[in-house]
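Student: predicted model, plus sequence, below.
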Amino acid sequence: MAFVFSEGIREANPHLKLVSATPITAGCRMIKSAHELDCMRLACRATLLVYRAVAQSLHPGMTTADVHQLISAAYHRVGFEGEASLNVDEYTAVPHGSRMPQTLGEGSILMLDDGCSVEGYQSDITRTFVLGKPSDKMLSVFDLVRRAQTAALHAARPGTPTADVDAAARKVIVDGGYGPGFKYFTHRVGHGIGLDGHEWPYFVHHNMYGWDLNPRLAAGMTLSDEPGIYIPGQFGIRLEDDLVVTENGAELLTPQCPSLEEPFANVS
């Protein structure tokens, strides 16, 4: 129930004691069934197919508005409701992007982010790639981000504190020279995903639900795994896939991005 309605009920019934049901509903929603996972896998696959089709259609001189039209047409073709943001060059260094009009150029670095919905279940995927030949610095940053995503994936397993997964990814980036702390990797490594694009739990230090001060992973939880490095005034690289915690570890719902030069080489 939206806050505005619950507060209206509270004000109209001062004799009642209303309490939040979030500890129950969030606990139920954090653990996904086999069917829920099937929906999320399909949403993730559809998103990558859309991204690949859009990427193959890009050329210098196009604007972000042009690309958004391509994205809309592609999602219409696959039959799901979805959207994506595109950021170009220095705007990729802004983690949540910019609404400023942007134009693609030869050698531009591009960041596509967002997802779609299948029976209400969400995907959230980011791919960063270059319209042309990437620089050596871009390639080295991508390698660090990919290794950080892999470190988070390997750290995620039942019983592990959610903060430890963020720490595993962040250590790779800091050890690679992009630290300390949140200086260049400016956000948590991931968030829960399911019926909402952002829900419990979260991969971050001081992750508290209010009813659980030390949350730990359990089999069936689904979260994004999205480390990034953002260099102000230059560029940013984020690699985001969604993962599911299994009985013995974790697995991505989509193939991991193989390279900055061929980000969709393993999409089928």
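Tutor: Received, thanks.

Student: C-alpha from now on. contacts and neighbour counts both.
Tutor: Fine.

Student: this structure: strands as residue ranges?
Tutor: 81-88, 109-118, 121-122, 125-130, 190-192, 199-203, 222-225, 228-231, 235-238, 241-245, 250-252 (DSSP state E).

Student: okay, these, which one's buried deepest?
Tutor: strand 222-225 (a mean of 30; mean count of other C-alpha atoms under 10 Å).

Student: which neighbouring elements make contact with that one?
Tutor: Packed against strand 222-225 by the contact rule (3 or more C-alpha pairs under 8 Å, 6 or more residues apart in numbering; DSSP states H and E) you find helix 136-155, strand 190-192, strand 241-245.

Student: need the contact list for Asp225.
Tutor: Taking C-alpha atoms under 8 Å, 6 or more residues apart in numbering, we find Asp225 in contact with Gln149, Ala152, Leu153, Val189, Gly190, His191, Leu239, Glu240, Asp241, Asp242, Leu243.

Student: rerun at 10 Å
Tutor: 124-126, 148-153, 156, 165-166, 169, 188-192, 203, 238-244, 252 (C-alpha atoms under 10 Å, 6 or more residues apart in numbering).

Student: read off the pLDDT value for it.
Tutor: pLDDT, Asp225: 98.

Student: that one bridge partners, please.
Tutor: Here Asp225 sits in beta bridges with Asp241, going by DSSP bridges.

Student: returning to what we had before: lowest average confidence across the strands of the chain, which one?
Tutor: Among the strands of the chain, strand 199-203 carries the lowest mean pLDDT (a mean of 90).

Student: which of the helices and strands packed on strand 222-225 sits most buried?
Tutor: Buried most deeply of the helices and strands packed on strand 222-225, by mean count of other C-alpha under 10 Å, is strand 241-245, with a mean of 25.

Student: Val172: what's it in contact with?
Tutor: Val172 neighbours (C-alpha under 10 Å, 6+ apart): Leu144, Val145, Arg146, Arg147, Ala148, Gln149, Thr150, Ala151, Ala152, Tyr178, Gly179.
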